[in-house]
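**Student:** Attaching a predicted model along with its sequence, questions to come.
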Amino acid sequence: MTALLALENVDAFYGAAHILHRLSLQVQPGERVALIGRNGVGKTTVVNTILGLAQLRKGTVRIGSATIARPRPYLAAQRGVVVVPQGRRIVANLTVEENLLLGGAVGRKGPWTVPEIYKLFPILQERAHTPGTALSGGQQQMLAVGRALMSNPSLVLLDEPTEGLAPVIVDQLADIFNRVADQGTALLLIEQNLSLVTRVAHRYLAMAKGAVVAQGAVDTSAACTQELAAHIAV
Ligand SMILES: Nc1ncnc2c1ncn2[C@@H]1O[C@H](COP(=O)(O)OP(=O)(O)OP(=O)(O)O)[C@@H](O)[C@H]1O
Ligand SMILES: [Mg+2]
């Protein structure tokens with residue numbers, strides 16, 4: 001099977017700062033993978049390397065069968081890999097609906113349309129014509145997820161989607177992520193909330209110092225939670 005996303009021995013930099021060191025990972029079609037690790041280990045830099053926002057100096061980034069020599073955000077989205085960025089980045093002077101339409105601009109065909117996103121998140125339909133940044137934090141996160149789905153991706157990278165959100169909203173998002181994955185979309189979930197990881201992911205990759213240092217299966221047992229916690233605790 002061709003992986004949806006494969007990084008092989010990637011070295012990535014911000015200017016002179018060398019952040020990723022021979023990092024390798026793969027996500028297969030339909031997989032639900034968690035990428036964990038404590039603050040500053042380079043999780044967002046993995047995302048930024050795929051988008052071309054950190055500099056890929058060595059190694060390979062493949063999306064499907066294509067090797068991406070110079071990653072760019074639109075190249076990833078066109079090939080079915082989309083990012084829900086850390087901090088959500090809702091466009092301030094666009095309405096909720098305009099933010100969704102922006103996500104669809106890449107023009108990939110598939111099941112996700114504005115009405116389908118509104119079925120997934122009814123609150124977004126109620127707020128369709130308000131500025132995206134007027135929403136609560138949880139609603140903005142729903143909008144960021146909806147906007148990503150509008151590109152009809154085969155893989156969604158979620159960068160700490162529940163950071164700063166109330167437990168009741170986290171529960172709603174866990175349910176949404178599972179529904180999206182049940183429809184066949186693969187997920188790479190960057191998370192520090194272990195309860196969310198165990199509810200959504202089937203496999204984990206743990207990072208330290210810019211590399212993947214451990215991986216394994218995820219289940220809801222206490223032993224698994226302990227194993228995951230060891231990679232997040234300082
Ligand atoms: N634009 C930048 N220029 C230089 N260094 C950066 C830049 N962005 C991040 N870094 C550094 O790169 C390292 C990895 O950061 P990154 O944001 O990838 O970590 P992270 O695992 O996502 O952390 P967090 O859990 O806090 O989101 C950190 O030491 C950070 O200070
Ligand atoms: Mg980060």
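**Tutor:** Yep, that arrived. Everything numeric here is computed off the predicted structure, so don't read it as measured data. Ligands and ions are numbered 1, 2, ... in the order given.
**Student:** Tell me, how many residues neighbour whichever residue of the chain sits closest to ligand 2?
**Tutor:** Closest to ligand 2 within the chain is residue 44: 3.1 Å, counting by Cβ to the ion. In short, each C-beta sits where N, CA and C put it, glycine included. If you count neighbours by other Cβ atoms under 10 Å, residue 44 ends up with 19.
**Student:** How far off centre is the helix or strand that contains residue 207?
**Tutor:** Secondary structure assignment for residue 207, by DSSP states H and E: strand 203-208. Chain-centre distance of strand 203-208: 14 Å, with Cα atoms, centre = their mean, to the nearest Å.
**Student:** Flag every buried residue along it.
**Tutor:** Using 16 or more other Cβ atoms under 10 Å as the test for burial, strand 203-208 gives 204-207.
**Student:** outside of the helix or strand following that strand, which residues touch it?
**Tutor:** Scanning forward in sequence from strand 203-208 by DSSP H and E, the next helix or strand is strand 211-217. With contact meaning Cβ atoms under 8 Å, 6 or more residues apart in numbering, strand 211-217 is reached by 20-25, 202-207, 224, 227, 231.
**Student:** For the nearest residue to residue 95 once chain neighbours are set aside, which residues are in contact?
**Tutor:** Distances taken as Cβ to Cβ, 6 or more residues apart in numbering place residue 129 nearest to residue 95, at 5.2 Å, with adjacent residues excluded. Contacts for residue 129 (Cβ under 8 Å, 6+ apart) come out as 95-97.
**Student:** Just say helix, strand or coil for residue 129.
**Tutor:** coil (DSSP: H, G, I helix; E, B strand; the rest coil).
**Student:** Relative to residue 233, how far out is residue 38?
**Tutor:** To residue 233, residue 38 is 7 Å away according to Cβ to Cβ, to the nearest Å.
**Student:** do the same with residue 41
**Tutor:** Noted for residue 41: a distance of 13 Å to residue 233, by Cβ to Cβ.
**Student:** So which of those two has more stuff around it?
**Tutor:** Neighbours per residue (other Cβ under 10 Å) separate residue 41 from residue 233, with residue 41 holding more: 22 against 7.
**Student:** what residues are up against the more buried one?
**Tutor:** Shown in contact with residue 41 (Cβ under 8 Å, 6+ apart): 207-210.
**Student:** That one and residue 21: what is the separation?
**Tutor:** Residue 41 is 11 Å from residue 21, by Cβ to Cβ.
**Student:** so what's in contact with the two at the same time?
**Tutor:** With Cβ under 8 Å, 6+ apart, residue 41 and residue 21 have common neighbours 209-210.
**Student:** picking up where we left off before, need phi/psi at the residue of the chain closest to ligand 2.
**Tutor:** Reported as degrees, to the nearest 10, the phi and psi values for residue 44 are phi -70, psi -30.
**Student:** Check which residues of the longest helix along the chain are buried.
**Tutor:** The residue-count maximum for a helix in the chain (DSSP state H) belongs to helix 167-182. Buried residues in helix 167-182, defined by neighbour count with 16+ other Cβ under 10 Å: 169-170, 172-174, 176-177, 180-181.
**Student:** Which elements pack onto the host helix or strand of residue 189?
**Tutor:** Assigned by DSSP H and E, residue 189 belongs to strand 186-190. Here strand 186-190 touches strand 32-36, helix 43-51, strand 155-159, helix 167-182, helix 194-200, going by 3 or more Cβ pairs under 8 Å, 6 or more residues apart in numbering; DSSP states H and E.
**Student:** Report the angle between the longest one and strand 155-159.
**Tutor:** The reference is to helix 167-182. Per axes from the mean of the first three to the mean of the last three Cα atoms, to 10 degrees, the angle that helix 167-182 makes with strand 155-159 is 160 degrees.
**Student:** Good, we can wrap up now.
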